[in-house]
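Engineer: okay, sequence plus prediction incoming.
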Amino acid sequence: MSHTNSIAAPPGLPPNFVAFATGGTGEWTSIAETRQYTNAFIIQEGKILLGYKKRGFGLGKYNGFGGKVDPGETPAEAAVRELQEEAGISAPLEHTGTLVFLLDTVPWTFHIDVYSAREFTGEPIETDEMRPEWFALPSDIAGAAFVSDLPQIPYETMWADDVYWMRHLLQGIPFVGRCDFEKDGLEGEGSKIVRWWFGAPRHT
Ligand SMILES: Nc1nc2c([nH]c(=O)n2[C@H]2C[C@H](O)[C@@H](COP(=O)(O)OP(=O)(O)OP(=O)(O)O)O2)c(=O)[nH]1
């Protein structure tokens, strides 16, 4: 029996969320050491700021801005610092989501606190790590603020799970999720998502 279609949240997530997307096969991989990361998104009228990752983990993917939480730092402090370091901007970040990732090629579990802000100060700048770019929110979410001359959110060059929770993030609906990835057998760093579970608070 697969646990992935279960209503109950998988190990590593809080219990008081209701699934909105689940799938895949197999048993949830057991969680050993957990490492803390952050991921921050700027979402404005009709548009979202993503960064093209130029080096390291997630190379060649678009993502929010973030990285490891340093010793002695809270995740919220790390999120602000990473946004400044990677995009050159400051923002009043609010916690919007929690994600847990396991990769069969990495011995620790990624625990990612996802933050978002509707405003920011400074000008987004390209750094050694990220190249910031604006993308259009989907027209049904943007409504009258839809920006037709910006590219669509590039899900094909993002982490495979992002498509499941991105609409929650864009609408400011809290979410939690977990994904187990396995190497896809191809050359390089490719990995595919083999089981996933995403939930929102009970009242939404
Ligand atoms: N959207 C999304 N982000 C992910 C996934 N998996 C995953 O680790 N991330 C994010 C969390 C972090 O923001 C980032 C991983 O941190 P990083 O690898 O860039 O950090 P780093 O070593 O460059 O650390 P640092 O030097 O910036 O502290 O990738 C995923 O499946 N989807």
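Structural biologist: Received the coordinates, thanks.

Engineer: what residues does the protein put near the ligand?
Structural biologist: Within the chain, the positions near the ligand by C-beta under 6 Å from any ligand atom are 37-39, 56-58, 63, 66-68, 82, 101, 110, 112, 159, 161-162. In this view, the C-beta of every residue, glycine as well, is placed from N, C-alpha and C.

Engineer: now do the helices in this protein.
Structural biologist: Under the criterion DSSP state H, helices of the chain are mapped to 75-87, 139-142, 162-171.

Engineer: how much space separates residue 44 from residue 172?
Structural biologist: 12 Å (C-beta to C-beta, to the nearest Å).

Engineer: these two: who's more crowded?
Structural biologist: Neighbour count, other C-beta atoms under 10 Å: between residue 44 and residue 172, residue 44 has more, with 15 against 11.

Engineer: who does that one form a beta bridge with?
Structural biologist: residue 47 (DSSP bridges).

Engineer: isn't it right next to residue 119, touching?
Structural biologist: Yes: using C-beta atoms under 8 Å, residue 44 makes contact with residue 119 at a distance of 7.5 Å.

Engineer: find residues that contact each of the two.
Structural biologist: Here residue 44 and residue 119 share no contacting residue, scored by C-beta atoms under 8 Å, 6 or more residues apart in numbering.

Engineer: ok, for the residue in the chain that the ligand sits nearest to, nearest residue in space, not its chain neighbours?
Structural biologist: Of all residues in the chain, residue 67 sits closest to the ligand, at 2.4 Å by C-beta to the nearest ligand atom. For residue 67, ignoring the flanking residues on the chain, the nearest one in space by C-beta to C-beta, 6 or more residues apart in numbering is residue 82 at 4.8 Å.

Engineer: what of residue 24?
Structural biologist: Residue 24 sits nearest to residue 195 (C-beta to C-beta, 6+ apart), 3.2 Å away.

Engineer: what is the burial count for that neighbour?
Structural biologist: Neighbours of residue 195 under the rule other C-beta under 10 Å: 23.

Engineer: dig out what it forms beta bridges with.
Structural biologist: residue 24, residue 180.

Engineer: okay, it: pLDDT?
Structural biologist: Here, the pLDDT recorded for residue 195 equals 95.

Engineer: I figured it hits residue 25, correct?
Structural biologist: Yes: between residue 195 and residue 25 a contact is recorded at 6.4 Å, counting by C-beta under 8 Å.

Engineer: sorry, back to before: the residue of the chain closest to the ligand and residue 35 touch, don't they?
Structural biologist: No: the pair residue 67 and residue 35 does not pass the contact test of C-beta under 8 Å, sitting 10.8 Å apart.

Engineer: between those two, which is the more surrounded one?
Structural biologist: residue 67 (18 against 12).

Engineer: so what's the more buried one up against?
Structural biologist: Under the criterion of C-beta under 8 Å, 6+ apart, the neighbours of residue 67 are 37, 38, 78, 82, 85, 86.

Engineer: most neighbours among those residues, please name it.
Structural biologist: residue 38 (28 neighbours).
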